[in-house]
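A.B. asks: Return atomic coordinates for the entry below.
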Amino acid sequence: MARIQRRDLIKGAAATAVGASVLPAALAAPAAAAPPRCDLPGGRDFPKVGGNLGNQNYSALGGMHRGNVRRLGAAWVNRIEGGLSTGTNQSTAVAVGGVLYIESAPGNVFAVDGATGVTKWVYRQTRGTLTRRGVGVGGGKVFTHGRGNWIIALDQETGAVVWEKQITGFGNMEKVAVTYHDGRLYCGTHDGDRGAGLALDAGTGDVVWHFWGAPEPGEIGNDTWEGESWRTGGATPWLHPAIDPELGLVYWAFGNARGSRSSQDGSQRAGLNLFSSSLVAMDLETGQYRWHFQSIHHGIWDMDNTMAPVLADVRIRGRMRKLVVYGSKCGMYYILDRRDGSAPLGIDERPVPQDERQKTWPTQPFPRQGPWTETRVVDQPLGTAIPGDPNRAVPNYVQGALYDPHWDVPVLSIPGHGGGADWSHQSFSHSTRLVYTGFGYVAAAHSLTEASNGLRPPGEYQTGGIVAVDPSTNRVRWKKHMPYSLAHGNGILTTAGDLLFIGQPDGNLLALDARNGHELWRFQTGAAISSSPIMYEVDGQQYLAVYAGGTGIPYGDSAPRGDFLWAFKLGGSVAPAPTPPPPVVRRPVSGPPVDGTAVNNTVVIGRTYNPATGAIGATESTAVNAMAPTHLRVPAGTTVTFTNHPDNAGPRGATQFFEGLFNIRLIPGESYRHTFPNPGEYFFNDPASPRSTGKIEVY
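C.D. replies: A predicted model of the protein is given here:
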């Protein structure tokens, strides 16, 4: 990255959004031919992850529409790995010339005939399993990753290796989908102390340029990090960028700041911490900084907005604007002019609560139109509707709002670092002119007692929904609550037939009316869907395709896994897959089930439990698993005893939620007994330390 003189990084130029800054761009030489447009929708092909260079996930094919979608059926299914039932399967297929290209969880690449489902060739990975999100295709090659930061180019016709290149010194390069454009590959890094976006030569794999998420001395933004904290600053671009060839810009979203101890600890990295939680526009040819917008200053909540940016040309107040839509785990869209980062609909810096120990930044940016999800947990009384409000608070935690600081006491807030719009692919419809995303309600408790990025409290309901937003106003057009979180790879495809397709963690692929969210069709694919549906055409026949493989976020091993690559057409007759067990929506407790007879139907509060030996912890604990045992299994009609261990230092207790069956405090050595007459699962936590959570399973 070129070294550039620093400007005011919070205020920016007069024309920019608050929180953005701009440097003037050098005038580009006239091109011999007009560059490709970033907003041309796919038709016969779906040539990249995101559909087009603007990541619009929209198909111009309209053969499937509201009037005939009920006739949609499976044309074929290919279990590409021969029956895989494990792994992290987040890969979105790419369709070029009637062939689908897809990665599996083990890192193998498959070319599959789009009309018949027959595998044409397979590249077998030799460097171990990975999390995969999609290949790049271009220049007669298919581009994939290998463990150890390898980029691999395969012959598009045969799958033979053309070249392999190990890219070192920039962070881990394995999870981010490869983007091909005009002879270059745009590759991001992840999971590192410091991350970068890179442009590579697609013919050789050589690095053409790089841009650091946490800048080094002499680079713009480095002085927003305290001391040497930039060295472990994180700020990795977890998803692929968007590209506007006409403007000569590439747009990359960088992840949260990390810090010396965890992403929740800002005490040793004072400052804005650029370019964490930022969208950065760079020169497509050189990687030179053009402008940025930071959505969270000095983040301590792992609320980064690392989804792929969406580019769209939209009329605002009578004027056509070239926009980039960005966001968000925060449940807000930041609508920016992609030329310069200005905010045509207004974004304001508002004061937020402070904590000197965390060196919090005094303000955070808020779109004037507000969020599209709730930003404060609801203190719904125990014993009311189950589950009740989807952003309902687990009891006994300190309840907070978005951007409330924390230290040693867990503060519960929503949407949470696994909520809002996390890393799902969003969609812009050329037909409805709306932007769509799946989102999650996954409340999180933040404190320095958590080792990484926060606690998702056991027993909470992890649900979500779909929202449609008008980018010309940044107002919600419609919102639909769903039974599952749709924030983790559950990408949306919209079509010229005004359909919206999205997959759920229970294996169902849904078709909704893109105008209002009404469900029109569903199909059971056999495994959780953590990827985006696509559309393509072969010999005049239009197809819908999706990879159903599943991932562990946020439902862990309860989300069904598989290796099902499905294609659908009108009149398709292949039967749905058998319905797998649905994901467990409530966050599980930390421990396996223990039969009540093994522990005399007793739970000891404030102590851990070893299920292998039956031993109760020798010292008092406030950990998540400080119920001995955390998961007690008993028949209906059993009386369970809750005991505060006699050697505990003070009062402990048990609050049953959300049914509100009991809410008791016990001095050391004191017990309480409760009879459970009805089957069900009954969570409870400790009012003295709400992290400690247990469950009584009654059968």
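
A.B. asks: hang on, residue 501 packs against residue 533?
C.D. replies: Yes. With contact defined as CB atoms under 8 Å, residue 501 counts as touching residue 533 (4.2 Å). C-beta here means a position set from N, CA and C on the backbone, and glycine is covered the same way.

A.B. asks: between these two, what contacts are shared?
C.D. replies: With CB atoms under 8 Å, 6 or more residues apart in numbering applied, the overlap between the contact sets of residue 501 and residue 533 consists of 493, 509, 544, 546.

A.B. asks: Give the full set of residues in contact with the third one.
C.D. replies: For residue 544, the set of contacting residues under the criterion of CB under 8 Å, 6+ apart consists of 64, 72, 493, 501, 533-535, 567-569.

A.B. asks: let's go with 7 Å and repeat that
C.D. replies: Contact analysis of residue 544 by CB atoms under 7 Å, 6 or more residues apart in numbering lists 64, 501, 533, 535, 568.

A.B. asks: Touching, the third one and residue 495? I think so.
C.D. replies: No. The pair formed by residue 533 and residue 495 falls short of the contact definition of CB atoms under 7 Å, at 9.6 Å.

A.B. asks: Who has more neighbours out of these two?
C.D. replies: Set residue 533 next to residue 495 and count neighbours by other CB atoms under 10 Å: residue 533 wins out with 32 against 29.

A.B. asks: Would you mind measuring from the more buried one to residue 84?
C.D. replies: Counting by CB to CB, to the nearest Å, the gap between residue 533 and residue 84 amounts to 20 Å.

A.B. asks: how about residue 349, phi and psi?
C.D. replies: With angles defined as degrees, to the nearest 10, residue 349 shows backbone torsions of phi -80, psi 120.

A.B. asks: Distance check, residue 100 against residue 396.
C.D. replies: Using CB to CB, residue 100 is found at 49 Å from residue 396.

A.B. asks: Between these two, tell me which one has more neighbours.
C.D. replies: Of the pair residue 100 and residue 396, residue 100 is the one with more neighbours under other CB under 10 Å, namely 26 against 23.

A.B. asks: name the element that one belongs to?
C.D. replies: Counting by DSSP states H and E, the element that carries residue 100 is strand 99-103.

A.B. asks: same thing with residue 152?
C.D. replies: Residue 152 is located in strand 150-155, with elements delineated by DSSP H and E.

A.B. asks: Tell me the helices and strands packed up against the next helix or strand after that strand.
C.D. replies: For strand 150-155, the following helix or strand on the C-terminal side (DSSP H and E) is strand 161-166. Based on contacts counted as 3 or more CB pairs under 7 Å, 6 or more residues apart in numbering; DSSP states H and E, the elements that strand 161-166 packs against are strand 150-155.

A.B. asks: between the strand it packs on and strand 161-166, how big is the angle?
C.D. replies: Orientation of strand 150-155 against strand 161-166 (axes from the mean of the first three to the mean of the last three CA atoms, to 10 degrees) gives an angle of 170 degrees.

A.B. asks: Which parts of strand 150-155 count as buried, going by neighbours?
C.D. replies: Of the residues in strand 150-155, 150-154 count as buried by neighbour count, 16 or more other CB atoms under 10 Å.

A.B. asks: which of those residues lies closest to residue 458?
C.D. replies: Relative to residue 458, the closest of the buried residues of strand 150-155 is residue 150; by CB to CB it sits at 38.6 Å.

A.B. asks: quick one: least confident helix or strand in the protein?
C.D. replies: For the chain, using mean pLDDT, DSSP states H and E, the weakest element among its helices and strands is strand 20-22, scoring a mean of 48.

A.B. asks: Do me a favour and get the end-to-end distance for stretch 153-164?
C.D. replies: 6 Å (CA to CA, to the nearest Å).

A.B. asks: tell me which residues in that stretch are buried?
C.D. replies: Of the residues in stretch 153-164, those buried under the neighbour-count criterion (16+ other CB under 10 Å) are 153-154, 156, 159, 162.

A.B. asks: helices or strands next to the lengthiest strand in the chain in the packing?
C.D. replies: Using DSSP state E to assign secondary structure, the strand with the most residues in the chain is strand 689-698. Counting contacts by 3+ CB pairs under 7 Å, 6+ apart, the secondary-structure elements packed against strand 689-698 are strand 627-628, strand 631-634, strand 680-686.

A.B. asks: Fine by me, thanks again.
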